[in-house]
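> A structural model of the following input is requested.
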Amino acid sequence: MVKYLFILLIFITSWLYVPPVMAAFCHSEDAHRVCIVSIKRSAKNYWQYQTEIAVDGVKKPIVVYNCRTKEKISLDSSRLPLDPTGKIICKLPANRDKERYSSGHNI
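So this is what the prediction gives:
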């Protein structure tokens, strides 16, 4: 009887642990798979996002997307217009906030 209770206890406790999930946001762009590996919002300039992306599984250097001026700023400080990935990154927080306010949740 103790053996069955022990097995039942192990079965129940195994459902309590949920391992963390490492999910990347991916999309297709010109026959390539582009995934956002990490994204960090600037605390000082909330319209800037420091991101690391992977194209077809190959990680690219960190890039800053400035959603206010619609620019992509690379590590060497060169400024380019937003690419399709940058447009998606700039839309993500806006959509999330709209959903939060429209559903009646308070911050």
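
> need the longest strand for this protein.
For the chain, the strand with the greatest residue count under DSSP state E is strand 32-41.

> after that one comes which helix or strand?
Toward the C-terminus, strand 32-41 is succeeded by strand 48-55 as the next helix or strand (DSSP states H and E).

> please name every helix or strand in contact with that following strand.
Helices and strands touching strand 48-55, by 3 or more CB pairs under 8 Å, 6 or more residues apart in numbering; DSSP states H and E, are strand 32-41, strand 63-66, helix 84-102. Placement of C-beta: from N, CA and C, glycine included.

> next secondary structure after the strand or helix carrying residue 4?
Using DSSP H and E, residue 4 falls within helix 2-14. Proceeding C-terminally, helix 2-14 gives way to strand 25-29 as the next helix or strand, assigned by DSSP H and E.

> report the buried residues of the helix holding residue 4.
By neighbour count, with 16 or more other CB atoms under 10 Å as the criterion, helix 2-14 contains no buried position.

> average pLDDT across that helix?
When pLDDT is averaged over helix 2-14, the result is 79.

> centre of the chain versus that helix, how much separation?
Averaging C-alpha positions (CA atoms, centre = their mean, to the nearest Å) puts helix 2-14 38 Å from its chain's average.

> good, wrapping up.
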